[in-house]
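> Okay, sequence plus prediction incoming.
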Amino acid sequence: MKLFSTPSGNFAARRALCVLTLLAMLTPQLPLLAQRADFSKMSSVVRRAAMEQQTVQRSRQRSAAPRPTADGEAQLCAFVRVQGDCDEVLSAHGCRLLARLGQVAIASIPLGRLAPLSADLRVQRIEAGERCSMHMDITPGHVNALPVYRGEQLPQAFTGKGVVVGVQDVGFDLTHPTFYHRTEHHYRIGRLWDQLSADTVGSQLYVGAEYVNPWDVRRYAHSRDGLMLSHGTHTAGIAAGSGYDSPYRGMAFESDICLVNNAVTEDTVFIAQADRYKYTSATDALGFKYILDYAQMRGMPCVVSFSEGSHQDFYGDDVLLYEALASLTGPGRIIVASAGNDGAYGNHLQKPAGQESAGVFLYNVGTKGYLSMKGDAPFTFRFTYYHPKGRQVVEIPSATVMQQPDSLYTDTLVIDNEQYPVAIAGYPNIYDDHEQAYEVLLGVPKANFGTASMRVSIEAVGREATVDFYRVGGAFLTDPSNPSLGGYDSAYSIHSPASAPNVICVGATSYRVSYLNYRGEERVLDHGTGGVRADYSSLGPTLDGRTKPDVMAPGTNVVSAYSSYFLENNPDAYDLNQDVARFSFQGRTYAWNSNLGTSMSTPVVSGAIALWLQANPRLTPEDVMAVFSRTCRRYDPSLTYPNNAYGYGEIDVYAGLLDVLGVADNIPSLATRQPAAARFVLGADHRLQVLFNEPLRQSATLVLWTTDGRRLLTATCPPGALQLSEDLSSLPAGVYACQLKCADASVEGSTLIRR
């Protein structure tokens, strides 16, 4: 039984109503009109689109209306779940089926048909999420990938060959030499879908256009947003760049590459007003499908890297997204996404039952403050405005919110003849029907929200309730105006879609605290050393209580490719101060740039998984999680793993490869590193030689194993020896493990050979 009674019907519309109501209060020329659609079936973005469409239809201010596209009425890209014949239902309402992912369809819906589609009894849910935002040499050594690249010391070289690395991101320079093979003759990007491309004549894709062979991709030169963004160039270089003639080689540097340039919040300038609802989380899902379908066509396994994300929610905007992503992933089909960069913020505060009140100060650049809350019993919202003439307090019982039409409370506080609007929307917590969730929006007449001239705090008051606060926009702060408020933490900051159960969620670690840029200036960005979690890396759990992130990788001061077009068109951009080198290639000036964020750690893991897929093309996301659980390095051994800071720990590419090949479980004490002072050479005559860098100081023992754990031979080498030789010609062809045991740690280690 729910603890709160709610008005029947339409409770799922409250957040969208809350947003639009506050906008209407801040801009009175935008009327908020009664709705006829069944909002209970819609996610907040879909509800907003439906309400805006009806507002446009009723408003006389036609200048604000979306203009029809060349295809007719403005469209929304959304997930749809239908009970019955999906094709028939969508066709009956003039919708276009774009893809079917399990029980979920992705459809293009005319905005004018949203209301009748939602009213169709066969339609169970219509969902779309906001566009995401971006998450901002020595790395392979830190993740123990260098031994994997030495083909002579493994059954073969693992470099990503035969695997598709997909990157969905923004701001691609397609001419950067890192996307060529190191010989400069072979261009490695096999396909591109630029969802922002204006070259749409004859395109069969929902938005933008595709470039289906390396020549067309190279000729296209840069994604449409490549003049103002370079994020995708950097992340794709980390995952799969060849490094050209530099040390800045990507993780899977011989993989095939497929790119999707999607739309993020920074891309608004490229999207016509009438088309803005074509770019949603459902469009991103189409991008994932595009890459995975390309790999399937090529007969290759695939890992997709996604260094973007948006906030989770309690109202269910990710329900169908999670279902769609689960349908897309499987054997040889893996999606990796960044945890987010909110770990250094105050993201969460809890007022426990038995405590009278708790709260925070809010700050944001702009005129609105925005947070989510949830409680397991009624409580009172207390808003305090600290202004030069004193304080003004407003208290609103949660019961008052729930008694309003659509459980939407609105009010306007007048201070010094200026208006301060308040909007609170209540709805059941989708993850726990014993709790009520709330979206709270506060407005101020002038930017910035929460500055010294008008500080604003919000409290939850009431001993009976446990109430949680979650940051959505801006920041939680403390302030001497009321020292009792604060006590927040950084938990619950994982972004979606990394929060999805079937997506690998990556956090960031730190090693390097400074570097020299191309001018010789030292740049200091200190977020820790030695593999510690970077303070910005988002923390779990997810809002439904699951442990995330799943794995960590270096994300601080990672050097990779940067766009020549961005450099050319933004010569004074701040981030160009982070260029560590510049060089010329085919008449253009390119850069290697140092950047940080979970955006950088995500392609590290994606490229590492590509190496594992080369060894086992049937790996599933669950298999990869299991490899993490057995092989990740743990910065703090006192912690229990997995946990909400480090997941299973930092990825160890070599140890993971041994695990994927099935070796580590079968051979006792098999080292997860190769010996530093010895190397293994298997000649054409099938004679195995162990060559030591200097005469042995102590005796060493060589043990040869089959990968299923059978010991084949043991040989001892005395002190002073420089080599050990064994004839393996009598052994059948296959993979074998060589294990060196010695009291000298530089000689101790293991490797694999192929006979």
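Nice, I can see it. Quick caveat: nothing in here was measured; it's all calculated off a predicted structure.

> Please, where are all the strands along the stretch 201-350 of the chain?
Counting by DSSP state E, counting those that start in this stretch, the segments of the stretch 201-350 of the chain that form strands are 209-211, 256-261, 302-306, 308-309, 333-338, 348-351.

> Using TSV, lay out these together with distance to Asn693, mean pLDDT and mean neighbour count.
C-beta coordinates here come from the backbone N, C-alpha and C atoms, glycine included. Shown next, in TSV, are the strands of the stretch 201-350 of the chain (distance: least, CB to CB, whole Å; pLDDT from 0 to 100; neighbours: other CB atoms under 10 Å):
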stretch	distance to Asn693	mean pLDDT	mean neighbour count
strand 209-211	49	97	21
strand 256-261	37	98	27
strand 302-306	36	98	31
strand 308-309	46	92	28
strand 333-338	37	98	29
strand 348-351	53	98	20
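
> Would you tell me which of those strands gets closest to Gly202?
strand 209-211 (8.4 Å; CB to CB).

> which helices and strands sit right next to the closest one?
Counting contacts by 3 or more CB pairs under 8 Å, 6 or more residues apart in numbering; DSSP states H and E, strand 209-211 packs against strand 189-194, helix 214-220.

> Present the strands of the stretch 201-350 of the chain as TSV; the columns should include distance to Val360.
Shown next, in TSV, are the strands of the stretch 201-350 of the chain (distance: least, CB to CB, whole Å):
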stretch	distance to Val360
strand 209-211	46
strand 256-261	38
strand 302-306	31
strand 308-309	23
strand 333-338	26
strand 348-351	6
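
> Of those, give the one that comes closest to Tyr322.
strand 333-338 (11.6 Å).

> which one of the helices and strands packed on strand 209-211 is the most hemmed in?
strand 189-194 (a mean of 24; mean count of other CB atoms under 10 Å).

> what's around Ala452, how many residues?
Look at Ala452: counted by other CB atoms under 10 Å, it has 10 neighbours.

> gap between it and Arg125?
Ala452 sits 45 Å away from Arg125, going by CB to CB, to the nearest Å.

> cool, Asn213 as well?
39 Å.

> So which of the strands of the stretch 201-350 of the chain is nearest Ile651?
Short answer: strand 333-338, nearest of the strands of the stretch 201-350 of the chain by CB to CB, at 10.8 Å.

> Return the angle between stretch directions for that closest one and strand 302-306.
On the basis of axes from the mean of the first three to the mean of the last three CA atoms, to 10 degrees, strand 333-338 is oriented at 20 degrees to strand 302-306.

> Quick one, which of the strands of the stretch 201-350 of the chain gets closest to Thr620.
Across those, closest to Thr620 is strand 333-338 (CB to CB), at 7.5 Å.

> Check which helices and strands that closest one is in contact with.
Looks like strand 333-338 contacts helix 281-298, strand 302-306, strand 308-309, strand 504-510, helix 598-615, helix 621-631 (3+ CB pairs under 8 Å, 6+ apart).

> For Phe692, list the residues it contacts.
When contacts are counted by CB atoms under 8 Å, 6 or more residues apart in numbering, Phe692 touches 677-678, 700, 721-723, 747.

> Is it possible to mark the buried ones in these?
677-678, 700, 747 (16 or more other CB atoms under 10 Å).

> Can you lay out the residues you listed as CSV showing distance to Gln312?
Listed next are the buried ones among the contacts of Phe692 as CSV, based on distance: CB to CB, whole Å:
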residue, distance to Gln312
Ala677, 49
Ala678, 50
Ala700, 53
Val747, 50
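
> Please name the bridge partners of the nearest residue to Ile609 once chain neighbours are set aside.
Spatial nearest neighbour of Ile609, chain neighbours left out: Val303 (4.6 Å); criterion: CB to CB, 6 or more residues apart in numbering. On the basis of DSSP bridges, Val303 is bridged to Val165, Ile334.

> Surely Val303 touches Thr329?
No: contact status for Val303 versus Thr329: not in contact, 10.2 Å apart, counting by CB atoms under 8 Å.

> Output the below-cut-off pLDDT ranges for the stretch 301-450 of the chain.
447 (pLDDT under 70).

> go on, the chain?
1-36, 54-72, 131-140, 145, 147-157, 183-184, 447, 663-665, 668, 672-673.

> change it to 50
Residues of the chain meeting the criterion pLDDT under 50: 1-17, 20, 22-35, 60-71, 136, 151-153.

> coming back round to it: so which of the helices and strands packed on strand 333-338 gets nearest Ala353?
strand 504-510 (31.1 Å).
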